[in-house]
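Enquirer: Got a predicted structure plus its sequence, pasted below:
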Amino acid sequence: MEHRKKTITPEQKAAFIAAGEAKRQERAEKKKKKEAEQNAFQKSKEKERSLKSVITYLNSCDYHHTKPDPALRKSFESLLTLEDYKHYSFLYGQFIMIGLMFENCWVKEVAANFWKQQLQNGIVDMMALSSALGNGYISKKVCDILLKYYETFTSHAYGKHIFFQLDQVLQENGKEDVLQKKFVPLRKDKREAILKILKTYLGVYLKRFTEEGYPLSQEFADVLIRYHDLTDEKLRNKISHRLWELKTTGEKIPQELLSAYAQ
């Protein structure tokens, strides 16, 4: 039986060629995408290693009480980008934390600048904040940041934390200097700067008592007496109203408080 050779029309031939080309392009795109992902992963790991190396270097400088090399500033700054903050948030937080500890040093300026960039973009890094508040020394840079970004901190519910930490600093009135092996009292200008911040955040700290129905704990009573002079008229009226409200319900209110906030 004779078999006829199947003929392919020009249109079919063109379709086969187009399908083959499409598959080749698809394979090429997949290969290109895979290579791009591998390159991105490699770059990510390299950056992670670089950040860890920087943090190790700064920790070593801190341990040996040496100043970081100024020649490294640009390379440090190039590592700090907001675009990949989510990927390196912990390492960025560590950098800011250790960087803020270097007094009168370019590293502190780099750390503070990156911290401000974060805050300008609504990012509040708890590690950075805790470091800034927790070493017993509040620098002018930190004071300026706490005042300038008040709305950002309070919108993330860190206002009470800031007040509490700075209140502790004020009560301790200085810190132990490891190098000099002696206690260094808080300077007058630092105390005034901290009081300015406490005045700004006082209303937020007391909101639980003045507006949210919290009882008059010893903690609130101490703060109300200690920072009586920092209250403005609006806050003073809120406090006075709340104290008399409690008194009318039979709660015992110290006469010192009633007198201080008498209208």
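Expert: Good, I have the coordinates. Residues are numbered from 1 along each chain as shown.
Enquirer: what's the pLDDT at Ala40?
Expert: Residue-level confidence at Ala40 comes out at 61, pLDDT.
Enquirer: What residues sit buried inside the worst-scoring helix or strand of the chain on mean pLDDT?
Expert: Within the chain, confidence by mean pLDDT, DSSP states H and E is lowest for strand 174-177 among all helices and strands, at a mean of 74. For strand 174-177, the neighbour count (16 or more other C-beta atoms under 10 Å) marks Gly174 as buried. Backbone N, C-alpha and C define where each C-beta goes, glycine included.
Enquirer: tell me the contacts of Lys160?
Expert: Applying C-beta atoms under 8 Å, 6 or more residues apart in numbering, we find Lys160 in contact with 201, 204-205, 208.
Enquirer: filter the residues you listed to the buried ones?
Expert: Looks like the contacts of Lys160 have 201, 204-205 buried, using 16+ other C-beta under 10 Å.
Enquirer: quick one: which of these is nearest Ile162?
Expert: Taking C-beta to C-beta as the measure, Ile162 lies nearest Tyr201 of the buried ones among the contacts of Lys160, at 5.5 Å.
Enquirer: Name the nearest residue to the closest one, sequence neighbours excluded.
Expert: Closest residue in space to Tyr201, ignoring its immediate chain neighbours: Phe163 at 4.3 Å, by C-beta to C-beta, 6 or more residues apart in numbering.
Enquirer: In CSV, could you pull the C-alpha coordinates for the helix or strand hosting that neighbour?
Expert: Counting by DSSP states H and E, the element that carries Phe163 is helix 159-172. Provided in CSV are the C-alpha atoms of helix 159-172 (Å, rounded to 0.1, in the frame of the first residue of the first chain):
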residue,chain,number,x,y,z
GLY,A,159,6.4,57.3,74.3
LYS,A,160,6.0,55.7,77.7
HIS,A,161,9.2,53.7,77.2
ILE,A,162,11.2,56.8,76.3
PHE,A,163,9.8,58.7,79.3
PHE,A,164,10.5,55.8,81.7
GLN,A,165,14.1,55.3,80.5
LEU,A,166,15.0,59.0,80.7
ASP,A,167,13.4,59.3,84.1
GLN,A,168,15.7,56.5,85.2
VAL,A,169,18.7,58.3,83.7
LEU,A,170,17.8,61.5,85.6
GLN,A,171,17.3,59.7,88.8
GLU,A,172,20.7,57.9,88.5
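Enquirer: Now do the buried residues in that helix.
Expert: In terms of neighbour count (16+ other C-beta under 10 Å), helix 159-172 has its buried residues at 159, 161-163, 165-167, 169-170.
Enquirer: How about stretch 79-93?
Expert: The neighbour-count criterion (16+ other C-beta under 10 Å) identifies 79-80, 85, 88, 91-93 as the buried residues of stretch 79-93.
Enquirer: Dump those residues into JSON lines; add pLDDT, secondary structure and distance to Gly213 as well.
Expert: Formatted as JSON lines, the buried residues of stretch 79-93 follow (pLDDT from 0 to 100; DSSP: H, G, I helix; E, B strand; the rest coil; distance: C-beta to C-beta, whole Å):
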{"residue": "Leu79", "pLDDT": "93", "secondary structure": "helix", "distance to Gly213": "47"}
{"residue": "Leu80", "pLDDT": "94", "secondary structure": "coil", "distance to Gly213": "43"}
{"residue": "Tyr85", "pLDDT": "90", "secondary structure": "helix", "distance to Gly213": "38"}
{"residue": "Tyr88", "pLDDT": "93", "secondary structure": "helix", "distance to Gly213": "42"}
{"residue": "Leu91", "pLDDT": "94", "secondary structure": "helix", "distance to Gly213": "42"}
{"residue": "Tyr92", "pLDDT": "93", "secondary structure": "helix", "distance to Gly213": "39"}
{"residue": "Gly93", "pLDDT": "91", "secondary structure": "helix", "distance to Gly213": "35"}
